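Participant: With the input below, show me the fold.
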Amino acid sequence: MVADLRRLRHFTAVAEAGGFTAAATTAHLSQQALSTSVRQLETELGVDLFVRTGRRAVLTPAGRALLAEARPLLTAARTVDQRVRAAAASPRVWTVGHSPALDSAQVYTLIEPAITAFPEMSFTLRQCYPDQLIAGILDGTLDLGLRRGVADGADMAAGVIGYHRIRAAIPASHRLAEAPHITVNDLADDRLVLWAPPGASFFSDFLMAACRRCGFEPDFVVSRVQGAAMVAAPLTTGAIALVTAEPGPVMNGRVRVVELEPPLLVPVQALWQRHTVSDIRDVLLADERVRQG
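Facilitator: Next comes the predicted model:
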């Protein structure tokens, strides 16, 4: 049995409001109509969704399970409506959001298979901070989100779309700057510069974890120049930045990017709305499977 979307909206309204009276106001329905709709949904599913205590409605275990599934399903339904209307009004634009840890050139390379496969489609790349990235995917303004590292997608679907090699961006005057390559262990006595504090960035968490796996707790500072390329961070901090730039001199020779050995690869995670389909997204994920296969 497939639950009626209208009744799912009514159920979700009650769950989020914590009661039928408050939900009826936000849903612009009478309390009786709302209660009847939820009762019909319970009958269709054959389970109790709420424990009703006075004016409060507390979710049962079945209700909590349904709420977890209903939210992304309703979001996907809203996105379908938006996309159908947009397709009728004008040529389609596919929007890719990406965290600041990925630059636009790297994003272009990752989605180039889709750009090639869909020549009639317009693509827009949009840099977003992590909270904006998640919000944009959930409200349908972003068709795909890209971020470094792999974490729980919560109400979203997720998959790895590519990998980038990590290297060290070192001030040119530093003792390690002229080394042909270094190891993560070589950084144990140096300060690292991060673009965001651990806990606020998947990429920062990934780098901290890489150091910890090598047996040391890294000393770090957060860059005070936000929005700039991370290869510039050593200039204002004197610290070493772990970056995905190509090896060699950068910033007019004031910083040198040095290889890490053995290679350290950071995954790029793609995020999208659950319960949605996309030929463009399928091309990107299939391309990554081919590269890994």
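Participant: any idea how far Arg147 is from Ala229?
Facilitator: Distance of Ala229 to Arg147, given as Cβ to Cβ, to the nearest Å: 17 Å. Quick note: C-beta positions are derived from backbone N, CA and C, even for glycine.
Participant: Could you check which of those two is surrounded by more residues?
Facilitator: For Ala229 versus Arg147, the count of surrounding residues by other Cβ atoms under 10 Å is larger for Arg147: 25 against 16.
Participant: Any idea how many residues pack against Asp4?
Facilitator: By the criterion of other Cβ under 10 Å, Asp4 has 14 neighbours.
Participant: meant to ask about Leu144
Facilitator: Neighbour count for Leu144, taken as other Cβ under 10 Å: 24.
Participant: pLDDT below threshold where in the stretch 151-293 of the chain?
Facilitator: 152-154, 287-293 (pLDDT under 70).
Participant: Please repeat the previous calculation with a cut-off of 90.
Facilitator: Applying pLDDT under 90 to the stretch 151-293 of the chain flags the ranges 151-157, 195-196, 199-203, 226-229, 273-278, 285-293.
Participant: What are the boundaries of the helices in it?
Facilitator: Counting by DSSP state H, counting those that start in this stretch, the stretch 151-293 of the chain has helices at residues 202-213, 233-237, 279-292.
Participant: Can you check which strand is longest in this structure?
Facilitator: As assigned by DSSP state E, the longest strand anywhere in the chain is strand 255-273.
Participant: For that one, buried residues please.
Facilitator: Using 16 or more other Cβ atoms under 10 Å as the test for burial, strand 255-273 gives 255-260, 264, 266-273.
Participant: Could you point out the bridge partners of the closest residue to Gly248 other than its chain neighbours in the sheet?
Facilitator: In space, and not counting its chain neighbours, Gly248 is closest to Val257: 5.9 Å by Cβ to Cβ, 6 or more residues apart in numbering. Taking DSSP bridges as the rule, Val257 bridges to Ala169, Gly248.
Participant: just checking, Val257 touches Leu242?
Facilitator: No - under the criterion of Cβ atoms under 8 Å, Val257 is not in contact with Leu242, lying 10.2 Å apart.
Participant: Common neighbours of those two, please.
Facilitator: 167-169 (Cβ atoms under 8 Å, 6 or more residues apart in numbering).
Participant: send the alpha carbons of stretch 199-210 over as CSV?
Facilitator: This file holds the C-alpha atoms of stretch 199-210, laid out as CSV (Å, rounded to 0.1, in the frame of the first residue of the first chain):
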residue,chain,number,x,y,z
GLY,A,199,33.6,19.7,13.7
ALA,A,200,32.6,22.4,11.3
SER,A,201,34.1,20.9,8.2
PHE,A,202,34.2,17.4,6.9
PHE,A,203,37.5,18.1,5.2
SER,A,204,39.1,19.4,8.5
ASP,A,205,37.8,16.3,10.2
PHE,A,206,39.3,14.1,7.5
LEU,A,207,42.7,15.8,7.9
MET,A,208,42.7,15.6,11.6
ALA,A,209,41.8,11.9,11.4
ALA,A,210,44.7,11.2,9.0
